[in-house]
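Participant: what follows is a predicted structure for the sequence shown.
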Amino acid sequence: MRRNLAARLGVWSAHHRKAAVLGWLVFVVLATVLGGASGTVTASDDEMRVGESGRAAAILKDAGIDEPAGELVMVTARTPDGWQEAAADLSKALTATGDVCGLQAPLPSEDGKEALLRFEIKGPSDEAADRVQPVLDAVAKAGEKGAAHGISVHQFGDASSEKHLSDLLADDLRKAEFTAVPLALGILLVAFGAVVAALLPVGLALTACVAAFGLLSLASHRLHLFETTYSVMFLMGLAVGVDYCLFYLRRERDERAAGRDARTALRIAAATSGRAVLVSGLTVMVAMAGMFLTGLLLFKGFALATILVVCVAMAGSVTVLPALLAGLGDRIDAGRVPFLNRRPKKGAHTGGGIAGTLLRPVLARPKVFAVGATVLLLALAAPALGMRTEQLGLEKQFGSDAPLSVSYKKITDEFPGGPSPALVVVTADDIDARPVRDALDALTKRAGDGAELTVHRAADVAEIEVPLPGDGTDAEAKEALGELRDETVPAAFRGVDAEARVGGELASSEDFGDQLGRGIVPVFGFIAAVTFLLMLLSFRSVVIAVTSIVLNLLSVGAAYGVMTAVFQHGWGAELIGSEKAGAIENWMPLFVLVVLFGLSMDYHVFVVSRIREARDRGMDNRAAIREGITRTAGAVTGAAVIMVAVFAVFGTLSMQDMQQMGVGLGVAVLLDATVVRMILLPSVMALLGERNWRTPRALSWLPEVSHGEEIPSAAPAERHPAGAHAPH
């Protein structure tokens, strides 16, 4: 039988070990060096905006108007006017930094115990976070000095919050790297019982991540990225990189243990597990491409990052991995760990005794287990029926006890609408024309106290800051924003030759959510169609393709339910150091859907390919199911444990959205590898019987796809001394 692509790649790499390994190293080094030299371009806040708020930001950008990064500092005293001396000293200290402009006189609160200092950071707004540190130091020093006299100081603003977010993301990424990598290595040590066999998948996954980081930096000059993108890339890269290598390595070791010589074992692993890696990797990449359909820059960055890292990890698994296995030979078992190295003896069965024991009742009573597993997954999914999504504010995102959240809440409580007012942007052919100025004045007056009008005559653009009630993000603020957009602004500019758009932080959040809602249906349709077509082409079976989609939806639904229960309702949130948020981050459901549809293919393709392989060798349906499930149980279990461990690390990070992502993906993978792959998949396939493998007459033109080479009967393996190379 003609070798498939994965087999040809594996054989070529085994015969050209030096070229494959050196080529990989050169690629990784070049990608890293070029990416580092080019730097990374991050997306500005304006680029993240869509809809009406995006249009408002575009008007300002086209006019060359760069709003300086604003900062607020609230000084609180025990008695009315007790803040005056501290506020005066702080004003002097802020001015002395040389990084502050537009410092206004202190604005007292209604009871006179608080005062608000308002100022801006000098220079371009996109550089403010890099310049704000002296200001933060001055405020911190004032807080330490005033504490002895009952004075407290709280700061919040564009630059300080951006710097806090950047520092937090960097710290979380370092924590993830230093925690997830040792975890993965430890799990592989237990799985393989040998240091070299454990280091190989981790090493390849890390080099794939490093290379992908470099490529993403280059790509960021065309598609600007959000800072969270790199965390997502590392999460995906480590998980799939280790999994792909694990599947390949497991099959090679199993074939060697079954009595085959090194060359044959590697060839079989390339033709079977290598092919499964190519199919699952392609499925993941195409599924991720669905995020481009949202039209949102955040998802475009996620799509690009995951496609790059999965592509690199997949390429390494089918090229450099076979070269390394061929070069290492029996030295793959070097560094054996006492009591852990349980590699079966030559000729022993490698079918997974525990899995076989668990599978026996499932195949004996498939209807009972299919119904039971489905009911369990639907029960876990039930809380998702009441899922609420929103763009989480600072207090929910960082936790109510985080210093930035505390400062934000205290400032908004005393000075409502201060940190995040609505922004009405107006452009006209002549901004000083009488009808336009009358409309601007009328709107400013109607907006009430605190509304500020700024006219940029040279650009024929005007801005009106309109304070919003409440904390600037709650239901009261949203209602006020809706009234401003739907009634107040249209009424003021009716019949006036000008364009008026409402932007600001809350408007941006609302527009983002609306765009996201419109994008869910086409994205899901795209992913479902792609999954169906790829599975149909791979297995020439409509039943297998439809089953794949249904099983994936059950896993996703269960993940949604657990996320809702933990983070929206707070059930068990304290166990992971989180707290009840009352809602799910608005981009999370779509992201989890796309990622899980892609990642579940790792297990599904790997397991179903092994079942089809057994079927092609003449086994009946149930025997093939038993063979496929038991022979892949060890690899699927190891891969799932690693994925769950990596995702669990993200579930313990500082930000609420990272926690939600880690828990959602971790729970879904755990359920996918246990309930779905060990119970639901075999029971459903057993119930469907021969219908699993029938190709409809209308689709008989589909090409026959090899699920492996003609596998020779096990023969006594050629004996090689430890460290010998695989024969050519």
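Facilitator: Okay, I see it.

Participant: below-threshold pLDDT in the stretch 451-600 of the chain: ranges please.
Facilitator: Scanning the stretch 451-600 of the chain for pLDDT under 70 picks out 471-472.

Participant: what ranges do the helices span in it?
Facilitator: 475-483, 489-492, 505-539, 542-563, 588-616 (DSSP state H, counting those that start in this stretch).

Participant: ok, which of those helices comes nearest residue 679?
Facilitator: For these, proximity to residue 679 was assessed by CB to CB; helix 542-563 is nearest, at 10.9 Å. Every C-beta, even on glycine, is put in place using the N, C-alpha and C of the backbone.

Participant: tell me which other helices or strands that closest one touches.
Facilitator: In terms of contacts (3 or more CB pairs under 8 Å, 6 or more residues apart in numbering; DSSP states H and E), helix 542-563 is packed against helix 366-381, helix 505-539, helix 588-616, helix 656-671, helix 681-688.

Participant: in contact with residue 467, which residues?
Facilitator: Going by CB atoms under 8 Å, 6 or more residues apart in numbering, residue 467 touches 416-418, 421-422, 447-451.

Participant: which of those has the largest number of neighbours?
Facilitator: Neighbour tally across the contacts of residue 467 (other CB atoms under 10 Å): the maximum, 27 neighbours, falls on residue 422.

Participant: tell me what that one is bridged to.
Facilitator: residue 466, residue 504 (DSSP bridges).

Participant: per-residue pLDDT, it?
Facilitator: Residue 422 is assigned 89 on the pLDDT scale.

Participant: please apply the same query to the one 5 residues further on.
Facilitator: You'll see residue 427 listed with a pLDDT of 94.

Participant: how about low-confidence regions in the stretch 251-400 of the chain?
Facilitator: 339-353.

Participant: residue contacts, residue 177?
Facilitator: Residue 177 makes contact with residue 234 under the criterion CB under 8 Å, 6+ apart.

Participant: what about 10 Å?
Facilitator: By CB atoms under 10 Å, 6 or more residues apart in numbering, the contact list for residue 177 reads 206, 209, 231, 234, 238, 649.

Participant: would you agree it falls within a helix?
Facilitator: Yes - under DSSP: H, G, I helix; E, B strand; the rest coil, residue 177 sits within a helix.

Participant: mind pulling up the pLDDT for it?
Facilitator: 77.

Participant: select, out of the helices of the stretch 451-600 of the chain, the one closest to residue 658.
Facilitator: For the helices of the stretch 451-600 of the chain, the distance to residue 658 is smallest for helix 588-616, at 10.2 Å, taking CB to CB.

Participant: what about the next helix or strand after that closest one, distance to the chain center?
Facilitator: Next helix or strand after helix 588-616 toward the C-terminus (DSSP states H and E): helix 621-650. The chain centre lies 22 Å from the centre of helix 621-650; the measure is CA atoms, centre = their mean, to the nearest Å.

Participant: so for helix 621-650, mean pLDDT?
Facilitator: On average, helix 621-650 scores 86.

Participant: buried residues in it, which are they?
Facilitator: Of the residues in helix 621-650, 621, 624-650 count as buried by neighbour count, 16 or more other CB atoms under 10 Å.

Participant: tilt between that helix and helix 366-381?
Facilitator: Helix 621-650 runs at 20 degrees relative to helix 366-381, counting by axes from the mean of the first three to the mean of the last three CA atoms, to 10 degrees.

Participant: packing partners of helix 621-650?
Facilitator: helix 158-192, helix 195-219, helix 228-257, helix 353-364, helix 588-616, helix 656-671, helix 681-688 (3 or more CB pairs under 10 Å, 6 or more residues apart in numbering; DSSP states H and E).

Participant: how does it look with 6 Å?
Facilitator: Applying 3 or more CB pairs under 6 Å, 6 or more residues apart in numbering; DSSP states H and E, we find helix 621-650 packed against helix 158-192, helix 228-257, helix 353-364, helix 588-616, helix 656-671, helix 681-688.

Participant: hmm, back to that, dump the contacts of residue 177 to a markdown table, plus distance to residue 141.
Facilitator: Formatted as a markdown table, the contacts of residue 177 follow (distance: CB to CB, whole Å):
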| residue | distance to residue 141 |
| --- | --- |
| 206 | 42 |
| 209 | 40 |
| 231 | 33 |
| 234 | 36 |
| 238 | 41 |
| 649 | 36 |
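
Participant: picking up where we left off before, tell me the most buried of the helices of the stretch 451-600 of the chain?
Facilitator: helix 588-616 (a mean of 25; mean count of other CB atoms under 10 Å).

Participant: chain center to that one: distance?
Facilitator: On CA atoms, centre = their mean, the centre of helix 588-616 falls 18 Å from that of its chain.

Participant: what's the angle from it to helix 228-257?
Facilitator: Orientation of helix 588-616 against helix 228-257 (the same axes, to 10 degrees) gives an angle of 20 degrees.

Participant: I'd like to know how far residue 415 sits from residue 114.
Facilitator: 8 Å (CB to CB, to the nearest Å).

Participant: between the two, which one's more packed in?
Facilitator: Of the pair residue 415 and residue 114, residue 114 is the one with more neighbours under other CB under 10 Å, namely 25 against 20.

Participant: out of the helices of the stretch 451-600 of the chain, flag the one nearest residue 172.
Facilitator: Closest to residue 172 of these is helix 588-616 (CB to CB; 16.4 Å).

Participant: angle of the closest one against helix 681-688?
Facilitator: 60 degrees.

Participant: centroid-nearest residue for the chain?
Facilitator: residue 232 (3.9 Å; CA atoms, centre = their mean).

Participant: got the helices of the stretch 451-600 of the chain as TSV, with distance to residue 225 columns?
Facilitator: Shown next, in TSV, are the helices of the stretch 451-600 of the chain (distance: least, CB to CB, whole Å):
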stretch	distance to residue 225
helix 475-483	28
helix 489-492	33
helix 505-539	17
helix 542-563	25
helix 588-616	15
